[in-house]
Structure formats: structure tokens, C-alpha cells
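A.B. asks: Next input, structure requested:
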Amino acid sequence: MSDQAPRRKKASHGEGTIYWSEAEGCFIGEISLGYKPDGSRNRPKVRGRTKAAVKNVFKELKEDQANGIELGDKYTVAQACRDFLARGLPRQDEGTVKGVAIHINKHIVPGLGRSKLKRLSADDVDDFLASKRTEVSTSYLERILGTLRRVIRFAQRRNKVARNVAELVEAPTAKEGRPSKALTLEQGRALVRQCRMSREPWIYAYVALSMFTGVRTEEARPLKWEHTHLNPVKGERCTCGRAHSEDLPPHVEVWRSVRKKGDTKTEKSRRTIALPSYVVVILADYAVKQVESRKRNGHEHEHIAYVFGTRNDTVKDARNVSRYFQDIATAAEIEGQWVPKELRHTFVSWMSDQGASDQLIADLVGHKKTSTTRTVYRHQLRPVITRGTDLLDDVFGKEFREAE
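C.D. replies: The predicted structure is shown next:
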């Protein structure tokens, strides 16, 4: 037998060439797939243990070319994640981007980052999710899966992969998450008493507004005086800075938030909420103290924009608000860790206790669906149809009237 290397068999048009390489110990295939954007020949070289394996790769390459998918399989999940973080979130607010980055950097990249995106299978994703079941709650695992789906969807739009395997799986049941909490009436009264004694008058007003209207913390922090109407009497100058053309009850317009572009969470979240009489008194008293404090400390005190703003009239940082709130809760001897958003849970729970209907509560807190009110925020269910936000007056009105 000749010592010469085996001759390469000339392949039929479009089938490519396959030959054995002694040096590499495998079959090597070359196939012509037209031209690259720079005008050079696009002739990828692939390797396989058998001719059949090489032919399968040829088939995949031709299918990708026909579907406009980028050729090759070197693009990893980690690269897709980096590209998504760099270009895939142009309209998201800073908080959302940080949350997505945590999903990616703490979970997705360590678990799936080395996988070739084209080779990623539904089984791979299932195994990854299963490995997280003891680490995170079910709802958080669903959010991680949602981020992975978005990453692959972004890669699809960039012609990096043909299908989104993350769409084929569902998140399994994981750890039980931290249950949402609501203050009891006694805890609420204790919190109010402690707020009243605080050296920071804004925290008293902030807690009162949040606990008795159910506004989101992201809606309360950027609330402006121009959207706060404490004395909207026809023809008289209101605290919003202008006179109203008709008599209206005291109210706040929850139209903005700290989200990017200032939009509320949903269109339904844009709402106008009547204020209980005792909250009006607290806010009016705080407005006076806010001006006095600014004057006393040499800060701008005219045309103050934000109800709960900083001394420089900017929106308070969420972490600072959370810290003040926890300090107040601790001083009030309310056990456990508490965050401002639980004032919203408290409002929903108390309204339910007083007989408010699902629809009324959903309207007041800006829920798009009453199911959200029932399943996420509600702690007691008493669906009796009634009216208005004055349902809490009988419960807390006496508390505030005795204090004044």
C-alpha cells in the first residue's frame, strides 16, 4: 500500500469535503458557504470523530446560513449575558438594571456561562434551575428564568441563536419566600406615637401618608407639593400653589414615581387619592416645619418642590428612607425587620379588615387586577362592598385627635 496520505475525495457541489487527519486523530470537514461581509471566502473547517458527525455539523451550518443565523458555536451564554447588559436594557431604570445584573452575575453566568448558546438545551436549563431550588425562593427563581429568557431573546434578535430553549421550561418550586408583613393596629399605633416624637418631622408625615393611603414608596419619595392638595377650597389658594375652580376634598395626585422617565408602575397606578382628615393635619403641620427648618439652616425655603425632599430639595434616597423607618420601628419596640413597602401591605390589610371590597382596594393602591390585591397584598379577606378611604377614620381618627 502506498505511503502517501489518502487522497481527498472530491465532494459533490455544496456537500463539502471530508478527510481523515492523522495529526489530529479525527475527521476534518471543509464546506464553502459563500462570502463574508469583507468579501473573503466563508469556508469554515469543522472536526468530528466520524464522517457522520462532520456531516451533521455541515447540515447545521447550512441551516443556520439559510435562517440568517451567525455561523459557528463559539458564542457562550456568558457572552450573551454581557451583550445583553451592555445593549439590551436601554429604557430600564437603574434599579431594574441592577436587579438584572444580579440575576446574571450571581446566578446565570456561574451556572450556565461556559455553555455554548447554540448547544444549550432545555435539559441544561432545567438542571440549572433545579440546582437553585435550595438557594432562592420560587418567585425569585422565576425572575432569574425570566432574565435568562430575555438574554436569549436578545441574542435571537442579533442572529446568534435560532430558538430560545428557556421558553420551553418552567421554574420549579423552590424555597418559601419571606412572607409579606402588615402591622397590627396596636403596632401601627405604636409606630405613629414614635414617629410623632422623632426629631425628623418628615418621617411622621411619610409614614402617615404611606400607611393611610397605600402609596408605593417609589411614589411617595418623589411626591411634589404641586400634586398635594390639603385645602382645595374654591377660589382660595391651595397648598399646591394655585386656586381650584371648585370645592374638592383634600387629596394627592399619584402620577409620578422614581422610575425612569418618572412614569408610575402601570397606567392604572396613576390615580388621585382622598386624604383622611388626620393625614391632612399632619402634612399641613409638616409643611410649616419644613419651611422653618430650611430657613433656620440657611437652605432654600421658597418654592420647595418635593414633599419629602432632602435639604437641597432633591428626592430622598431609598436606602436612607429604609434606614430611618427601621430605626423608628425598633424604637417603637416592633420586633423584626421592616421596610417602607410594608406600610402599603398594612394599608391593604386594614382596609380589608374594615370591609373594603377587592375593587375599591385595587383602585386605591393602583393595582391593575384585583387578583394582585388578593394574592399578594391581602392578609385578611372580607369582601364587603363599601365606600371611600374614610374607612380607617373610625380606627385611627381618635388616636390622632387625642394627640393634637
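A.B. asks: Please name every helix or strand in contact with whatever helix or strand T346 lives in.
C.D. replies: Following DSSP states H and E, one finds T346 within helix 341-353. Packed against helix 341-353, as judged by 3 or more Cβ pairs under 8 Å, 6 or more residues apart in numbering; DSSP states H and E, are the following elements: helix 185-197, helix 201-213, helix 217-220, helix 358-365. Placement of C-beta: from N, CA and C, glycine included.
A.B. asks: How is the protein divided into domains?
C.D. replies: 17-66, 77-168, 185-403 (automatic domain parsing).
A.B. asks: Quote the end-to-end distance of the second one.
C.D. replies: Domain 77-168 has its terminal residues 17 Å apart, counting by Cα to Cα, to the nearest Å.
A.B. asks: Between the helices and strands packed on helix 341-353, which one is closest to I273.
C.D. replies: helix 201-213 (5.0 Å; Cβ to Cβ).
A.B. asks: thinking again about what came up before, any idea how far the helix holding T346 is from the middle of the chain?
C.D. replies: 21 Å (Cα atoms, centre = their mean, to the nearest Å).
A.B. asks: State the mean pLDDT of it.
C.D. replies: For helix 341-353, the mean pLDDT works out to 88.
A.B. asks: Between helix 201-213 and that helix, find me the angle.
C.D. replies: 40 degrees (axes from the mean of the first three to the mean of the last three Cα atoms, to 10 degrees).
A.B. asks: re earlier: same list as before, the helices and strands packed on helix 341-353 that is, but in TSV and with mean pLDDT included.
C.D. replies: Listed next are the helices and strands packed on helix 341-353 as TSV, based on pLDDT from 0 to 100:
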stretch	mean pLDDT
helix 185-197	95
helix 201-213	94
helix 217-220	90
helix 358-365	75
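A.B. asks: is it possible to export those to CSV including mean neighbour count and distance to S131?
C.D. replies: CSV is the format used below for these (neighbours: other Cβ atoms under 10 Å; distance: least, Cβ to Cβ, whole Å):
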stretch, mean neighbour count, distance to S131
helix 185-197, 18, 39
helix 201-213, 24, 39
helix 217-220, 23, 33
helix 358-365, 20, 37
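A.B. asks: so which of these comes closest to I108?
C.D. replies: Nearest of the helices and strands packed on helix 341-353 (Cβ to Cβ): helix 217-220, 26.1 Å.
A.B. asks: now for the closest one, which elements pack on it?
C.D. replies: Counting by 3+ Cβ pairs under 8 Å, 6+ apart, helix 217-220 packs on helix 201-213, helix 318-331, helix 341-353.
A.B. asks: Next, format the domains of the chain as TSV and append distance to E176.
C.D. replies: Formatted as TSV, these follow (distance: least, Cβ to Cβ, whole Å):
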stretch	distance to E176
domain 17-66	43
domain 77-168	7
domain 185-403	15
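A.B. asks: what about D285, helix or strand, and which?
C.D. replies: Using DSSP H and E, D285 falls in helix 277-296.
A.B. asks: shaky segments in the stretch 151-300 of the chain?
C.D. replies: When residues are selected by pLDDT under 70, those of the stretch 151-300 of the chain lie in 177-179, 256-270.
A.B. asks: please redo it, this time with the cut-off set to 90
C.D. replies: Where the stretch 151-300 of the chain drops to pLDDT under 90, the residues are 158-163, 174-181, 213-214, 216, 218-219, 232-249, 252-276, 294-300.
A.B. asks: Next, the contact list for E170, please.
C.D. replies: Taking Cβ atoms under 8 Å, 6 or more residues apart in numbering, we find E170 in contact with L145.
A.B. asks: quick one: it from T134, how far?
C.D. replies: Distance, E170 to T134, using Cβ to Cβ, to the nearest Å: 18 Å.
A.B. asks: Please enumerate the strands of the chain.
C.D. replies: Assigned by DSSP state E, the chain shows strands spanning 17-21, 26-30, 45-48, 228-229, 251-254, 271-274.
A.B. asks: The third one packs against which elements?
C.D. replies: Which is strand 45-48. Looks like strand 45-48 contacts strand 26-30, helix 51-66 (3+ Cβ pairs under 8 Å, 6+ apart).
A.B. asks: Let's have those in CSV, adding mean pLDDT and mean neighbour count.
C.D. replies: Formatted as CSV, those follow (pLDDT from 0 to 100; neighbours: other Cβ atoms under 10 Å):
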stretch, mean pLDDT, mean neighbour count
strand 26-30, 87, 18
helix 51-66, 78, 16
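A.B. asks: Reformat the ones you listed as TSV; add distance to T217.
C.D. replies: As requested, the helices and strands packed on strand 45-48 are arranged in TSV below (distance: least, Cβ to Cβ, whole Å):
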stretch	distance to T217
strand 26-30	60
helix 51-66	48
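A.B. asks: which stretch among those comes nearest A130?
C.D. replies: Among the helices and strands packed on strand 45-48, helix 51-66 sits nearest to A130 (Cβ to Cβ), with 28.0 Å.
A.B. asks: so what pLDDT did the most centrally placed residue in the chain get?
C.D. replies: For the chain, the residue nearest the mean C-alpha position is T96 (5.0 Å; Cα atoms, centre = their mean). For T96, the model assigns a pLDDT of 84.
A.B. asks: could you redo the helices and strands packed on helix 217-220 as a markdown table and give each row distance to A362?
C.D. replies: A markdown table is the format used below for the helices and strands packed on helix 217-220 (distance: least, Cβ to Cβ, whole Å):
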| stretch | distance to A362 |
| --- | --- |
| helix 201-213 | 14 |
| helix 318-331 | 25 |
| helix 341-353 | 9 |
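A.B. asks: of these, which approaches C238 most closely?
C.D. replies: Closest among these, using Cβ to Cβ: helix 201-213, at 17.0 Å.
A.B. asks: Can you dump the C-alpha atoms of the closest one in CSV for me?
C.D. replies: Extracted in CSV, the C-alpha atoms of helix 201-213 (Å, rounded to 0.1, in the frame of the first residue of the first chain):
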residue,chain,number,x,y,z
PRO,A,201,-40.7,65.6,61.1
TRP,A,202,-40.7,64.3,57.6
ILE,A,203,-40.7,60.6,58.8
TYR,A,204,-44.0,61.2,60.6
ALA,A,205,-45.6,62.7,57.5
TYR,A,206,-44.1,60.0,55.3
VAL,A,207,-45.4,57.1,57.5
ALA,A,208,-48.8,58.7,57.8
LEU,A,209,-49.2,59.2,54.1
SER,A,210,-47.9,55.7,53.2
MET,A,211,-49.8,53.8,55.9
PHE,A,212,-53.2,55.6,55.3
THR,A,213,-53.2,55.9,51.5
